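Participant: Generate coordinates for the sequence data below:
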Amino acid sequence: MKFAIRDIGDGLDLNVEKTREEVDAMMEITHGDFKGTDAGLTANLRIEKISDGTILVRGGTRAGLAFHCVRCLEPRERTLEAEVDAVLLPSSSVEGMDDDQELTAEDMDVSFYDDSDEELDLTDVVREALLLEMPTYPTCADDEECTPHQLDVEEDEPSIDPRWQALAKIKERMKRDDNN
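Facilitator: Just a heads-up that it's a prediction; the model follows:
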């Protein structure tokens, strides 16, 4: 989603379409938690440059993302729509700022770009907008069957979560030591 900063002029409309593979690469930062689907990604963005090099990016994006339901662990897909509303300040505007300056709520909506570069890449801005729309614990849709995943436990074993078994062994060893 790169474009030349000089092309902004009075405003630039950027319409982008990405394939499943390109969305996979874009979402690689999630370590495989979210991947692209055949729906791909479309983004329609309006980019405007205002005084002192500040760039405003507004528009919307729509992408198909694949994930695993946190309840049933089955692969699922969801189409997300996200509004993109970003303020990009040139990195030179940071110079001279106090390192101990406290951030405000408005500062959290601001990103920076290297104003010595000729191109600007909006991949991070679009990815952030999509991830903010994704639920923290993605589950199946209401109309999908979702049976919570059950751990396979042998009948003769006590029903203990396998993640706690090492701790249970230590506890058992401590009981034996106390009895001796």
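Participant: Can you tell me the centre-most residue of the chain?
Facilitator: In the chain, the residue lying closest to the centroid (C-alpha atoms, centre = their mean) is residue 131, at 3.4 Å.
Participant: Hmm, residue 33 and that one touching each other?
Facilitator: No. Assessed by C-beta atoms under 8 Å, residue 131 is found out of contact with residue 33, at 9.6 Å. Bear in mind the C-beta positions are built from the backbone N, C-alpha and C, glycine included.
Participant: residues in contact with whichever helix or strand residue 24 is part of?
Facilitator: Element membership for residue 24 (DSSP states H and E) is helix 20-26. By C-beta atoms under 8 Å, 6 or more residues apart in numbering, the residues outside helix 20-26 that reach it are 18, 35-38, 40-41, 63-65, 123, 126-127.
Participant: ok, which stretches of this structure are strands?
Facilitator: Shown for the chain, the strands assigned by DSSP state E span residues 2-4, 12-18, 35-49, 55-68, 75-90, 110-113, 119-121.
Participant: contacts for the first one?
Facilitator: Strand 2-4 is contacted by residues 12, 14, 47, 118-122 when judged by C-beta under 8 Å, 6+ apart.
Participant: can you do 10 Å?
Facilitator: Applying C-beta atoms under 10 Å, 6 or more residues apart in numbering, the external contacts of strand 2-4 come out as 12, 14, 16, 45, 47, 117-123.
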